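# What shape does this take:
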Amino acid sequence: MLFIHANLLALLPGLPSIPRTPLPATGAPALPATALSQLQTAGFAVVPNFMPPQKVNEVIDDVSQLKHEGRFAFAGVGEASTNRLDSEVRRCEQCFLFPQFKYQGGGDAHGRTTLYDSIESVRSTLHAQCGVPLDGLLTEGLYAAYPEGGYYRRHVDAVDGTASTQRQWSYLLYLNRDWEEPHGGCLRIHTDGGGELAPPGAAPSFVDVQPRAGTLVVFRSTMPHEVLDTDASRLACVGWFNKPVEGSSERRMLIAGLAGALLVGGGVKNLLGGGKKK
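Got it, this is the predicted structure:
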């Protein structure tokens, strides 16, 4: 399934060596060496059974409680200041989980801890192994719940000229028990070399990933991708790992603005004082 023709992960030159960061001592699953190799050669990696069924059930308990509490809302697109519903682009609901200091309340505490530990385990490994430092306080994440008939059209998570370029890696952790291929809703990672649009005349080139429970996907945030139409309810934890921001005041502002601002494109660019309107 991982047949790729291009190296999309060239390590940035001139970066200082990064000390190996120990993984959380919580029994959280670790990102395997094979996945790190795939990230270096292909720009993305798929890890089936990253989270075992028991832990998936714990996280689903958190989702169920949050839904009972009315914490989910329709997901929009665009910048924070102009975020809007656009059913031509995206049809799903979401519930924010990061930054933790703001969203750690509500839901099921045990299930949330299971999720937080697993996401931090992935970030720690990427920080230590992949050449670009990642600020744990800038991690983004949310639950994305797609109804039957849901989708998210082709897009990228890091847009040039906006603060979303802080995003280095996108991640998805799927929570769909008893998923079957006819349910649709695959994640399609485009490998045609384009961005939000395919290059003119380029032949279709992509990899489809079925959203089975426990599967983890990590990819460069500049890689175009989409969620294909789903014929069943579809659930995932999705988010982004961000590189550090220079200056403590800018970092504080970005942390405060992450709560819903970096959805699609660069919603927090105004916090950092730059970027064009799109």
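# At which residues are the helices of the stretch 101-250 of the chain located?
Listed in chain order, the helices of the stretch 101-250 of the chain (DSSP state H, counting those that start in this stretch) span 109-129, 248-257.
# for those helices, which one sits closest to V238?
Distance to V238, taken as Cβ to Cβ, is lowest for helix 109-129 among the helices of the stretch 101-250 of the chain, at 10.5 Å. Using the backbone N, CA and C atoms, a C-beta is placed for each residue, glycine as well.
# Settle this for me: G214 is touching V46, isn't it.
No: in this structure, G214 is not within contact of V46 by Cβ atoms under 8 Å, at 11.6 Å.
# Quick check: neighbours shared by these two?
Common contacts of G214 and V46 (Cβ atoms under 8 Å, 6 or more residues apart in numbering): none found.
# The helices of the stretch 101-250 of the chain: lowest mean pLDDT?
Per-stretch mean pLDDT for those is lowest at helix 248-257 (a mean of 67).
# ok, back up a step: any chance of JSON lines for the helices of the stretch 101-250 of the chain, columns distance to F96 and mean neighbour count?
Below are the helices of the stretch 101-250 of the chain laid out as JSON lines (distance: least, Cβ to Cβ, whole Å; neighbours: other Cβ atoms under 10 Å):
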{"stretch": "helix 109-129", "distance to F96": "12", "mean neighbour count": "20"}
{"stretch": "helix 248-257", "distance to F96": "12", "mean neighbour count": "15"}
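# In a markdown table, list those helices along with distance to G201.
Formatted as a markdown table, the helices of the stretch 101-250 of the chain follow (distance: least, Cβ to Cβ, whole Å):
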| stretch | distance to G201 |
| --- | --- |
| helix 109-129 | 34 |
| helix 248-257 | 39 |
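# and S170, how many neighbours?
Residues lying near S170 (other Cβ atoms under 10 Å) number 22.
# what does the one 4 residues further on give?
If you count neighbours by other Cβ under 10 Å, Y174 ends up with 26.
# out of the helices of the stretch 101-250 of the chain, nearest to H68?
helix 109-129 (12.9 Å).
# what's stretch 184-196 in contact with?
Residues outside stretch 184-196 that contact it (Cβ under 8 Å, 6+ apart) are 4-6, 8, 42, 44, 146, 150, 154-156, 172, 198-199, 202-211, 217, 219, 222-232, 234.
# Put the buried members of the residues you listed into a PyMOL selection.
To isolate the buried ones among these in PyMOL, judged by 16 or more other Cβ atoms under 10 Å, type:
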select buried, resi 8+42+44+146+150+154+155+156+172+198+205+206+207+209+210+211+217+219+222+223+224+225+226+227+228+230+232+234
